[in-house]
Structures are given as C-alpha cells and as structure tokens.
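>>> show me the folded form of this:
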Amino acid sequence: MKGHPMIPKRELRRRDFLGLASVVTIGLMLTSCDSESAEVDTSKARTGAMDSFGVGDTFKATAPLTFSFLFSDQPTYPYKKDWLLFTKMASDNNVTLETTIVPSSDYEQKRSLLISSGNAPEIIAKTYPGQESAYVSSGAVLPVSDYVDLMPHFQDKVKKWKLEPEIAGLTQEDGKYYVLPGLHEELWPDYSLAFRKDILQKEGIAEPKTWDEFREVLRSLKKAYPDVVPFSDRFKGDSVLNIAGNAFGTVAGWGLVDGLNFDESKKEFEFGAGTGKFKELLEYFNSLVSEGLMDPESFTQTDDSAIQKFVSGKSFVISANSQNIITYRTSMEQSLGKGNFAVGKITVPGGPAGDIIGGSRLENGIMLNSSVKDKDSFVALIQFIDWLFYSDAGQEFSKWGVEGTTFTKEDGKRVLAKDINFQGLNPAGTKDLRMEYGFSGGNFAYGGTTDLLNSTFNEEELAFQKAMKSKKPKAVAPPVPFSDVDREQATLVLTPLKDHVKQNTLKFITGQRNLSEFDAYVKELDAKGQSKYVELANKAYKAYTDKK
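Modelled structure (predicted):
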C-alpha cells in the first residue's frame with residue numbers, strides 16, 4: 001500500500017486524463033511527430049534477452065544491462081541507491097536501474113516536462129491509466145500493445161483473471177494502448193468511513209448498511225451528543241462523495257474524473273453531474289449539513305484539521321483507508337489514552353442504485369519511452385518488465401523482498417523477519433521494509449494476486465475485505481478513444497465544466513446555493529459545453545464499437 005496521496009488515483013481510467021492533458025499540450029506540440037512508429041524487429045534487438053522465457057521463468061539478462069527509470073520519491077520512505085531492492089536486481093536479474101529521482105509532489109509536472117522535452121527515461125513509472133493519453137499523438141511513448149507477445153506473465157494474468165474488458169478500456173483511437181497497468185486479480189476496495197465504534201457501542205447503535213441508515217446513525221449521535229457535529233470529513237469530501245456517488249448511480253468527488261457516466265439502459269454516456277441522480281446525491285449531503293450532522297468545513301478544511309477533530313473526540317466519523325486507521329489510532333493513544341477508544345471502518349453503504357462499489361482492477365503502472373524500440377536490448381527490457389511487474393515471483397519480490405532475509409514462509413504464510421516492520425504487521429521490528437530495503441514502494445509494488453495483497457493486511461482489514469465481497473462492482477465503462485482533434489476539444493471544454501461542478505457541489509451541499517436552482521445549474525453546464533462534450537464522447541464510443 002502506498003498511502004492516501006496516491007491510492008485515490010486508482011479511480012482514473014483510460015479516458016480520464018482529459019482534465020489534466022492541457023498541462024502538457026503545449027510542450028507536446030513542440031515535440032510532436034508521427035505517432036505511427038514502426039514495429040521493432042524483435043529477432044535482432046535481443047542483446048541480453050533470454051532465448052526461452054515463459055510463465056514461471058525468472059528473468060536474468062545474459063549480459064549486464066542498464067535501464068533508465070523515472071522514480072517518484074516518497075518523503076515517508078526516501079530513495080536510497082543501496083536498497084536491497086536494487087542490489088538484488090543487479091545480482092539476480094543482471095539489471096541496473098539508472099534512476100532519475102523526482103519528489104512525488106512534483107512528479108506529474110516533471111514527468112510531463114521530461115517527456116515533452118524528449119529527455120524522459122526509458123521506463124516511466126507511476127502512471128495511472130488515462131494519464132498516457134496526452135502523450136500518444138506526439139509519438140513520445142511506446143504502443144506497448146504491439147509487444148505483449150513478448151510478455152508471457154502479463155498475457156497469462158489478463159486471460160486467467162478475465163481482464164480483457166479493463167484492458168480494452170486502455171485502447172486509443174488507433175486500436176493500441178500505451179500504458180502497462182498494474183493488474184489485480186480482484187477489485188480492491190480500500191476507502192470507506194471510519195467510526196468511533198466505542199461510541200456506537202455505548203449508545204447501542206448498529207453500524208449503518210445504507211446511506212439512509214448512515215443519516216439515522218448521525219441523527220442518533222447528534223441527539224446523544226448535541227454539542228458535537230458527528231461527521232467532519234477529510235480529503236475535501238472527495239472520498240465520501242466518490243463512494244456515495246457509485247451508490248447513487250452517478251459520479252462525484254474523486255470519481256468525477258472525466259465527468260462521464262455510462263447509462264447501461266441507453267448504451268450511451270451522460271455527463272454525470274448534470275443528471276437527476278446527481279441532484280439526489282446533493283440533496284442527501286445537503287440534508288446532513290443542514291441538520292448539523294456533517295461539518296460544512298468538510299469540503300474546505302485541511303486533512304490535518306479534520307484528523308485533529310476526530311482524534312480529539314470532537315467528531316465521531318471520518319473517511320479512511322486501511323493505513324489511515326493505523327495513523328488515527330496512534331494519534332488517539334496520545335490524545336485519548338490507550339484503551340479509551342475503538343475505531344474502525346464500516347463496509348461501504350448501499351444506496352438508491354444498489355449495494356454498489358466503484359473502482360478498477362487496474363492500478364498505476366508504467367509507460368515506455370518510444371526510444372526503447374531502437375535499443376539492441378529492447379527484448380530484454382520487455383522481458384525484465386514482464387517478470388518484475390507481472391510474474392508471481394517478481395510481484396512478491398517487489399512487495400515482500402528476499403525470502404530468508406526480509407521475510408520467511410511458514411506454512412505458506414509470509415512472515416516478516418523479526419527485526420523488520422511494515423504497516424504494523426510486526427510492531428517489534430526496528431527496521432521499516434520500505435525505508436531500509438526499498439520494498440513495498442509505490443514505483444514497483446502494485447497489482448498481483450488477492451493472496452499477495454491480503455498478505456500485507458492485518459486481521460481487521462482482512463475481515464473488511466471479506467465483508468466487501470458481498471458488494472456489486474460497478475460495471476466497467478466502455479472505452480472512449482478520442483481522436484486527437486476531438487480530445488483537444490474535449491479537454492478545453494472539460495476543465496471549465498469540472499470547475500463549475502466542483503464549485504456548485506460545495507455551494508449546493510453547504511446551502512450557499514438553493515437546490516431549487518439545480519435546473520439553472522444544468523443550463524449553466526450546457527452554456528459551458530456540456531452537450532458538446534457528451535456528443536464528442538458518444539461519437540468516440542460509437543466509432544470504437546463500429547470498429548469491433
């Protein structure tokens with residue numbers, strides 16, 4: 001797991017980069033070239049490549065190789081060139097990574113600048129599906145779909161886990177895809193709402209299963225504690241609006257991304273924030289605020305402010321992922337005293353659209369600089385990537401490290417070495433798996449089997465994941481492969497549209513704008529190009545389906 005600054009972006013899909021694409025449009029125009037790049041003659045570019053490489057094989061270059069790598073550096077576990085992660089790659093895979101280190105806070109902007117200037121490393125890490133779209137027309141990144149025949153582990157997992165619909169969602173107008181995402185065996189729901197469960201127990205209140213029940217629970221808490229606003233949220237409300245949006249049949253918060261929502265009954269896209277379902281969502285959260293159940297500052301306050309209210313007992317509910325729970329408890333032991341509280345996530349509530357959760361089985365992954373096709377070691381590079389990011393052994397290595405050094409296996413269960421800790425799995429450990437060794441970091445450790453994912457969870461989180469399996473995943477939306485011209489138009493329209501949605505979401509929920517003006521708000525969206533944007537999306541969708 002990689003912490004809250006990164007995980008939310010798992011919500012991004014292939015078409016979702018539109019809102020960010022304008023950041024790099026000018027730079028990419030300067031380097032634009034023919035995106036129809038010739039395929040590599042893989043019978044020749046085989047320096048260091050293994051002659052036989054299949055599922056279950058460990059990649060080891062037949063000659064020492066060095067590949068350049070764009071590395072997103074996290075302040076919580078800053079880069080060290082002598083990490084065991086890198087030394088084992090050098091010894092066991094015969095591969096050295098020459099890293100370009102970029103602070104995570106500046107990563108997206110720096111990545112764009114490097115790509116647009118033609119100076120990007122060969123392997124471009126930490127790229128979420130959708131973020132590659134801005135670079136396609138320039139020919140700056142490799143159409144990796146042309147070379148997955150060299151990736152037995154990738155192909156095996158796509159087929160075995162029936163990921164074809166998700167992979168199809170990566171398709172660009174040319175029928176190719178340009179990002180290699182992390183692949184999960186199953187949907188991984190992480191974000192929900194955390195409650196002071198000791199307060200619920202004290203008042204004899206059952207955990208809510210639906211959003212209607214959630215409101216009733218808040219009402220009961222308000223009645224028992226009239227001086228407390230029960231729910232004061234973090235993430236500017238984006239997390240709770242995202243998970244509620246799915247249950248209300250629309251998109252909001254982190255889930256807003258490109259604004260599009262696919263109507264299964266009509267088989268066409270709509271602009272989610274201009275629908276009656278979105279109005280229902282606004283009415284619901286407006287009721288929470290107007291009744292004094294939800295802090296209106298939830299949508300403007302810093303995370304630290306929201307957390308401080310929760311850990312000091314001034315609120316009883318806050319958004320959280322599994323890592324946040326550990327952080328909250330640590331702080332509450334200081335503020336409230338050990339044993340004086342109980343906090344945990346509830347399963348995501350169901351809503352008018354059903355007991356539905358959103359998300360994707362695709363996680364962030366990598367792009368490849370198109371220049372790699374000119375390297376004699378091109379095939380070896382692809383084989384190494386396939387092993388590291390898609391083989392069971394490579395994924396275990398990236399997440400857990402080296403068996404016998406950082407972990408052991410006891411009856412098939414992975415156990416950290418006695419002196420190593422990770423996410424509270426071994427509190428007695430004095431060395432952190434990420435900080436000291438480089439494993440389980442955000443540049444490499446993503447995707448994998450459910451067993452591998454679950455191996456890093458404590459019993460509480462395993463119980464949460466088990467409970468969430470009863471939920472119905474939101475259907476995977478079909479691709480919207482815009483043409484270059486249409487993407488540029490869509491990008492120009494989407495930015496002001498999203499800004500207007502975000503501003504008015506806040507106003508409607510907090511009562512700064514009366515919900516009787518919702519129809520006027522929809523007309524404002526039309527004036528900003530809502531209809532044109534939806535028309536472009538459905539045009540791209542229809543062109544895609546007609547080609548199939």
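>>> and the strands in the stretch 251-400 of the chain?
Assigned by DSSP state E, counting those that start in this stretch, the stretch 251-400 of the chain shows strands spanning 260-263, 268-271, 317-320, 343-345, 356-357, 362-368.
>>> strand partners (parallel or antiparallel) of the first one?
Using DSSP bridges, the strands paired with strand 260-263 are strand 268-271 (antiparallel).
>>> hang on, the earlier thing: can you lay out the strands of the stretch 251-400 of the chain as CSV showing mean pLDDT and distance to residue 304?
In short, each C-beta sits where N, CA and C put it, glycine included. As requested, these are exported to CSV (pLDDT from 0 to 100; distance: least, CB to CB, whole Å):
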stretch, mean pLDDT, distance to residue 304
strand 260-263, 95, 33
strand 268-271, 97, 34
strand 317-320, 98, 12
strand 343-345, 98, 17
strand 356-357, 94, 28
strand 362-368, 95, 26
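>>> just name the most buried of these.
Of these, the one with the most neighbours on average (mean count of other CB atoms under 10 Å) is strand 317-320, at a mean of 27.
>>> just to revisit the earlier point, which among the strands of the stretch 251-400 of the chain is found nearest to residue 484?
Among these, strand 362-368 comes nearest to residue 484, with 17.7 Å by CB to CB.
>>> then that closest one to CSV, C-alphas only?
Below are the C-alpha coordinates for strand 362-368, written out as CSV (Å, rounded to 0.1, in the frame of the first residue of the first chain):
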residue,chain,number,x,y,z
LEU,A,362,-6.2,-1.8,-13.0
GLU,A,363,-3.7,0.2,-10.9
ASN,A,364,-0.9,2.6,-11.8
GLY,A,365,1.8,1.2,-14.0
ILE,A,366,4.4,2.2,-16.5
MET,A,367,4.9,3.9,-19.8
LEU,A,368,7.9,3.3,-22.0
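>>> which strands or helices does it pack on?
strand 123-127, strand 180-183, helix 378-390 (3 or more CB pairs under 8 Å, 6 or more residues apart in numbering; DSSP states H and E).
>>> adding distance to residue 454, mean pLDDT and mean neighbour count, write those out as a markdown table.
A markdown table is the format used below for these (distance: least, CB to CB, whole Å; pLDDT from 0 to 100; neighbours: other CB atoms under 10 Å):
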| stretch | distance to residue 454 | mean pLDDT | mean neighbour count |
| --- | --- | --- | --- |
| strand 123-127 | 23 | 96 | 25 |
| strand 180-183 | 16 | 96 | 26 |
| helix 378-390 | 19 | 98 | 25 |
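>>> now the ones you listed as a markdown table including distance to residue 346?
Putting the helices and strands packed on strand 362-368 into a markdown table (distance: least, CB to CB, whole Å) gives the following:
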| stretch | distance to residue 346 |
| --- | --- |
| strand 123-127 | 31 |
| strand 180-183 | 27 |
| helix 378-390 | 33 |
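>>> indicate which one of the ones you listed is closest to residue 457.
From the helices and strands packed on strand 362-368, taking CB to CB, the stretch that ends up closest is strand 180-183, at 17.3 Å.
>>> quick one: contacts for residue 426?
With contacts defined as CB atoms under 8 Å, 6 or more residues apart in numbering, residue 426 is in contact with 416, 418, 420.
>>> what about those residues, which one has the most neighbours?
Among the contacts of residue 426, residue 420 has the most neighbours (other CB atoms under 10 Å), with 23 neighbours.
>>> okay, now the nearest residue in space to that one that is not next to it in sequence: neighbour count?
Excluding the flanking residues, the one nearest residue 420 by CB to CB, 6 or more residues apart in numbering is residue 429, at 4.5 Å. Residue 429 has 17 neighbouring residues, counting by other CB under 10 Å.
>>> where does residue 429 sit: helix, strand or coil?
Of the three states, residue 429 takes coil according to DSSP: H, G, I helix; E, B strand; the rest coil.
>>> now it: phi and psi?
As for residue 429, its main-chain torsions (degrees, to the nearest 10) stand at phi -70, psi 140.
>>> swap in the one 10 residues further on?
Listed backbone geometry of residue 439 is phi -90, psi 160, with angles given as degrees, to the nearest 10.
>>> from what I can see it touches residue 395, true?
No. Here residue 439 does not reach residue 395: they are 11.1 Å apart, not a contact under CB atoms under 8 Å.
>>> so which of the helices and strands packed on strand 362-368 comes closest to residue 501?
Of all these, it is strand 123-127 that lies closest to residue 501, at 25.5 Å by CB to CB.
>>> following the closest one, which helix or strand shows up next?
The element immediately downstream of strand 123-127 (helix or strand, assigned by DSSP states H and E) is helix 133-136.
>>> which other helices and strands does that next one contact?
Helix 133-136 packs on helix 18-31, going by 3+ CB pairs under 8 Å, 6+ apart.
>>> average model confidence for the helix it packs on?
The average pLDDT for helix 18-31 rounds to 40.
>>> can you name the next helix or strand after that helix?
Per DSSP H and E, the first helix or strand lying C-terminal to helix 18-31 is strand 65-73.
>>> the next helix or strand after that next one: which residues count as buried?
Next helix or strand after strand 65-73 toward the C-terminus (DSSP H and E): helix 84-88. When burial is assessed from 16 or more other CB atoms under 10 Å, helix 84-88 yields the following buried residues: 84, 85, 86, 88.
>>> could you do stretch 194-214 as well?
Under the neighbour-count criterion of 16+ other CB under 10 Å, stretch 194-214 has 194, 195, 196, 197, 198, 199, 200, 205, 207, 208, 211, 214 buried.
>>> now name the helix or strand holding residue 541.
Residue 541 belongs to helix 530-547 when assigned by DSSP H and E.
>>> other SSEs contacting that helix?
Contacts defined by 3+ CB pairs under 8 Å, 6+ apart place helix 530-547 against strand 268-271, helix 484-510.
>>> how about those, which one is nearest residue 284?
Evaluated over the helices and strands packed on helix 530-547, closeness to residue 284 peaks at helix 484-510, with 9.1 Å, by CB to CB.
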